[in-house]
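>>> sequence and predicted model, in that order:
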Protein chains: 2
Amino acid sequence: MASPDTRAQILDAAERLFAERGFRGTSIRAITDLAGVNLAAVGYHFGSKAELLTAVARRVVEPINAAQRAGLDRLLARTPDPAVADLVAAFAGPLFDEMPAGDEQGARTSRLIVTILGDPAEEMRSWTGPAEDAVRDRYLAAFGRALPGLSAGELRFRLRGILAVTAMDRVEVYQRQVPGCSSPVAGEAARRWAITFLAAAMSAPSTEA
Amino acid sequence: MASPDTRAQILDAAERLFAERGFRGTSIRAITDLAGVNLAAVGYHFGSKAELLTAVARRVVEPINAAQRAGLDRLLARTPDPAVADLVAAFAGPLFDEMPAGDEQGARTSRLIVTILGDPAEEMRSWTGPAEDAVRDRYLAAFGRALPGLSAGELRFRLRGILAVTAMDRVEVYQRQVPGCSSPVAGEAARRWAITFLAAAMSAPSTEA
DNA sequence: GTCTATAGAACGATAGAC
DNA sequence: GTCTATCGTTCTATAGAC
């Protein structure tokens, strides 16, 4: 059979299983079984299980990153100094767009991201590239202009807060419950709730006051 | 030797290794080696690796939960309707107190919580008890009185946001980098930044506006 | 490119001596 | 309670036929 086909089958199966069971909880056998391909195909097409994870992660991250970049471009074309709420929507929105609420695939993608972020293993740390760094830095600069009182450190802390809230919260759509907190969130409401919550958080006055 | 001693050695070693390598990434052998006890001791004292995780998690969670409870009691003794910022400080504060900034043990505890929250495996979901649910419900009620415009759903969403920000952000103190965002946070600053950020977020007007 | 077969190394759990 | 020894399983990775 055509090689691109086998490759794609493996990527699809791996994305699903890594999200559902984590990296270490997923065996190459489980992936190739679900993909309907031979066990040795992973080694042939990707080299190793860790490199397969990298390929899966990059396929997920790239469209999100591109949408964040495009959103910022759109804002900056309108005005050189966008409002905080618009910046939050442009940054957090793609995390919802690329993981449609109610859609099983979207919830799974969400789960995958948290699984990767939360895993302490070193293999999970090498899948962001210069494209992600560049977009993050552009948002930091834009937020910095909109919030002139904030130190660079506090600004970075807050941007990371956006990621934390969007990533952790979307988990429950796919998974029954995160301990210490409560029930699943109704689809599209989460997106609006998150923007409200995060726009207020980002707009808070500097702590050094 | 005395059994309580062996038990404690195992708990200490397991807490450290689960935080550093995750549940599946940690073998019983690695735990007993670090603890300086025999391989079979885990089976004898805890039954299985999964039950050991439960014991580790409960030992970490209980003092945090107790401090959250005491903090709310203290607020309510002063006034029946505490301010949002005070509620945020009482809820999020213990997450910092029990994981002192700059302290290696504190950062590790932080990492352990994220590791457990982020792991999709079912074994990681059975360690919260009625005590945690009760404290969460009391905070929900108090926040509900302070923010009368919010639906129960949005309120729960926001409380979960507090956990997301405190847990995810403290990770970087221990670990070099979380992709998509940036550099480590300076010790005690994180606590004040988090309270500022979260108090503003919690105080946001209802989304249904 | 796809497959079979297997090497080689871990793993969790436990039986049974002390 | 502590130990040794080991069973049975599962894993990743790869060699080599087709």
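That came through fine. Numbering: from 1, shown residues only, chains lettered A, B, ... in the order given.
>>> pop the domain breakdown of chain A in here.
Listed domain ranges for chain A are A:1-47, A:58-202 (source: automatic domain parsing).
>>> got the ones you listed as CSV, with mean neighbour count and distance to B:Ala50 columns?
In this view, the C-beta of every residue, glycine as well, is placed from N, C-alpha and C. Formatted as CSV, those follow (neighbours: other C-beta atoms under 10 Å in any protein chain shown; distance: least, C-beta to C-beta, whole Å):
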stretch, mean neighbour count, distance to B:Ala50
domain A:1-47, 17, 13
domain A:58-202, 19, 15
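>>> for B:Ser27, find the nearest of these.
domain A:1-47 (11.3 Å; C-beta to C-beta).
>>> tabulate the domains of chain A (a markdown table), appending distance to B:Leu39 and mean pLDDT.
Converted to a markdown table, the domains of chain A look like this (distance: least, C-beta to C-beta, whole Å; pLDDT from 0 to 100):
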| stretch | distance to B:Leu39 | mean pLDDT |
| --- | --- | --- |
| domain A:1-47 | 21 | 94 |
| domain A:58-202 | 23 | 85 |
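>>> of the ones you listed, which is nearest DNA strand C?
domain A:1-47 (3.0 Å; C-beta to the nearest atom of the strand).
>>> put the alpha carbons of the helix or strand harbouring A:Arg160 into PDB.
Assigned by DSSP states H and E, A:Arg160 falls within helix A:152-174. C-alpha atoms of helix A:152-174 as PDB (Å, rounded to 0.1, in the frame of the first residue of the first chain):
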ATOM      1  CA  ALA A 152       8.100  41.400  31.900                       C
ATOM      2  CA  GLY A 153       8.000  38.700  34.600                       C
ATOM      3  CA  GLU A 154       4.400  39.300  35.600                       C
ATOM      4  CA  LEU A 155       3.400  39.600  31.900                       C
ATOM      5  CA  ARG A 156       4.900  36.100  31.200                       C
ATOM      6  CA  PHE A 157       3.200  34.800  34.300                       C
ATOM      7  CA  ARG A 158      -0.200  36.000  33.000                       C
ATOM      8  CA  LEU A 159       0.200  34.700  29.500                       C
ATOM      9  CA  ARG A 160       1.000  31.300  31.000                       C
ATOM     10  CA  GLY A 161      -2.100  31.700  33.000                       C
ATOM     11  CA  ILE A 162      -4.200  31.800  29.800                       C
ATOM     12  CA  LEU A 163      -2.700  28.500  28.700                       C
ATOM     13  CA  ALA A 164      -3.300  26.900  32.100                       C
ATOM     14  CA  VAL A 165      -7.000  27.900  32.200                       C
ATOM     15  CA  THR A 166      -7.800  26.900  28.700                       C
ATOM     16  CA  ALA A 167      -5.900  23.600  28.800                       C
ATOM     17  CA  MET A 168      -7.000  22.400  32.200                       C
ATOM     18  CA  ASP A 169     -10.600  23.400  31.800                       C
ATOM     19  CA  ARG A 170     -11.200  21.700  28.500                       C
ATOM     20  CA  VAL A 171     -10.000  18.400  29.900                       C
ATOM     21  CA  GLU A 172     -13.200  17.700  31.700                       C
ATOM     22  CA  VAL A 173     -15.300  17.800  28.500                       C
ATOM     23  CA  TYR A 174     -13.500  14.600  27.600                       C
END
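>>> report the angle between the helix or strand just after that helix and helix A:152-174.
Helices and strands here follow DSSP H and E; after helix A:152-174, the next one along the chain is helix A:187-202. Computed with axes from the mean of the first three to the mean of the last three C-alpha atoms, to 10 degrees, the direction of helix A:187-202 lies at 160 degrees from that of helix A:152-174.
>>> excluding its backbone neighbours, what's nearest A:Gly144?
Distances taken as C-beta to C-beta, 6 or more residues apart in numbering or on different chains place A:Leu155 nearest to A:Gly144, at 5.8 Å, with adjacent residues excluded.
>>> and A:Phe23, which of the three is it?
What DSSP: H, G, I helix; E, B strand; the rest coil gives for A:Phe23 is coil.
>>> does the longest helix along chain A reach DNA strand C?
In chain A, with assignment by DSSP state H, the single longest helix is helix A:49-78. No. Helix A:49-78 is not in contact with DNA strand C by C-beta under 7 Å from any atom of the strand; minimum separation 12.3 Å.
>>> make CSV out of the domains of chain A and add distance to DNA strand D.
Converted to CSV, these look like this (distance: least, C-beta to the nearest atom of the strand, whole Å):
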stretch, distance to DNA strand D
domain A:1-47, 3
domain A:58-202, 9
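>>> could you dump the ones you listed to a markdown table with distance to B:Gly144?
Output for these, formatted as a markdown table (distance: least, C-beta to C-beta, whole Å):
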| stretch | distance to B:Gly144 |
| --- | --- |
| domain A:1-47 | 34 |
| domain A:58-202 | 13 |
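>>> and the angle for the helix or strand hosting A:Phe143 with helix A:49-78?
Counting by DSSP H and E, the element that carries A:Phe143 is helix A:130-146. Angle, helix A:130-146 to helix A:49-78, by the same axes, to 10 degrees: 40 degrees.
>>> just so I know, which of the domains of chain A lies nearest B:Pro94?
Closest among the domains of chain A, using C-beta to C-beta: domain A:58-202, at 11.7 Å.
>>> can you get me the start-to-end distance on that closest one?
28 Å (C-alpha to C-alpha, to the nearest Å).
>>> how far does that domain sit from its chain's centre?
7 Å (C-alpha atoms, centre = their mean, to the nearest Å).
>>> was I right to think A:Thr6 contacts A:Gly36?
No. Between A:Thr6 and A:Gly36 there is no contact under C-beta atoms under 8 Å: 9.2 Å.
>>> other SSEs contacting the helix or strand following the longest helix of chain A?
Note on helix A:49-78: by DSSP H and E, the next helix or strand toward the C-terminus is helix A:84-97. Packing contacts for helix A:84-97, counted by 3 or more C-beta pairs under 8 Å, 6 or more residues apart in numbering or on different chains; DSSP states H and E, involve helix A:49-78, helix A:130-146, helix A:152-174, helix A:187-202.
>>> out of these, the one nearest B:Glu51 is which?
helix A:152-174 (24.7 Å).
>>> next, the angle from that closest one to helix A:84-97.
Using the same axes, to 10 degrees: helix A:152-174 against helix A:84-97 is 40 degrees.
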